Each structure stands twice: as C-alpha cells, then as structure tokens.
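In: This is a predicted model, with the sequence first.
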Amino acid sequence: MRYCRGFTLIELMIVVVVVALLAAIAYPSFRDHIARGQRSQGQQFLSDFAQRQEQFLLDRRQYATTLQTLRIDLPTGMKYTLPALTDALAGVDNTTNPPSFFFCLAPTAGTYLAARSDGRICINNRNERWREADNNNAFDNGTDCAWENRSCILSGEG
C-alpha cells in the first residue's frame, strides 16, 4: 500500500476560505480599535488643553487666546488638525462673566477617522466633552456623542 504525503486541493481551498472568513471578521474590528486609539490621543490633548486653560484662568483671570501662550503643541503623528485659525483660539470669550472657551479638533483629511465621519472632538470650560456631528460648537445631547458614551455612533460611522 502506497501512502501519499501532502495536502489535497480541496483541503487547501478549505484552509484559504477559513482564513479569508477570519480576516473579513477581524479587519474591521482592528480598524475600529485603531480609530479609538487615535481618538483617545486627541481627547488627551484636549484634556491637557482644558487643564492649562483653567490654570491660566486662575493665574490671570482670563483664558489664553493662543496655544503659544499655553505652551502647548499638537503631538506629532496625531490624526487631528487645529481649526482654520491655528494661532488665535476662536472659541475664547474673555468678555463674558465668567469667561468661557470651547475648542475642537477635526480629523485630518485623508485619514480613516475622516473617512468614517468620526466628527470633531470638542471640549469647553463647563467640562462638556463631545464628538460633534453638526459643527455648531455646542454640545447637543440628541445629535452629539459624549466622550464617555462608547456605544454612541455618529451618522455615517460604521
């Protein structure tokens, strides 16, 4: 009796199909995990920004109007960009009593965050932290996602 070694074509095709199914299931989950990590980096920057703004308010009785005043820079490799005005913080209003600020970061064009319509991440002086769906610079409970709400999905996100 003669024994054949190796795999048959059918066995090889079954292995290829199983590997393809596992990859089809795992890859989207991997991409979402990477997006959550990139979003977390942006949120950490905004938390640091808000903490420095509050310290500046305690020291000078107003919020800083530039990032240079706060001595803060965007981390290298972050997948978010500053608003159009990179030097002046458009969301600072020192004329109100008490002073106020809001600050948002938008996903960099061409990144996975931008492609999945992840929304801008924002923070304000009332410690409201959200992902913005409607670009109105204010937290709306019905349309925006709080950072803490991990199950929240913006329209277009998948």
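Out: Nice, thanks for sending it over. Numbers count the residues shown, from 1 in each chain.
In: how far away is residue 147 from residue 132?
Out: Plainly put, residue 147 is 11 Å away from residue 132 if you go by Cβ to Cβ, to the nearest Å. For glycine as for every other residue, the C-beta is placed from the backbone atoms N, C-alpha and C.
In: Overlap in contacts, these two.
Out: Shared contacts of residue 147 and residue 132 (Cβ atoms under 8 Å, 6 or more residues apart in numbering): residue 121.
In: Contacts for the lowest-mean-pLDDT helix or strand in the chain next, please.
Out: Across the helices and strands of the chain, the lowest-confidence element by mean pLDDT, DSSP states H and E is strand 145-146, at a mean of 84. With Cβ under 8 Å, 6+ apart as the contact definition, strand 145-146 has outside contacts at 119, 128, 129, 130, 131, 133, 139, 152, 153, 154.
In: Please render those as JSON lines that adds distance to residue 33 to the earlier fields.
Out: Conversion of the contacts of strand 145-146 to JSON lines gives the following (distance: Cβ to Cβ, whole Å):
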{"residue": "119", "distance to residue 33": "18"}
{"residue": "128", "distance to residue 33": "26"}
{"residue": "129", "distance to residue 33": "21"}
{"residue": "130", "distance to residue 33": "21"}
{"residue": "131", "distance to residue 33": "17"}
{"residue": "133", "distance to residue 33": "22"}
{"residue": "139", "distance to residue 33": "26"}
{"residue": "152", "distance to residue 33": "17"}
{"residue": "153", "distance to residue 33": "15"}
{"residue": "154", "distance to residue 33": "18"}
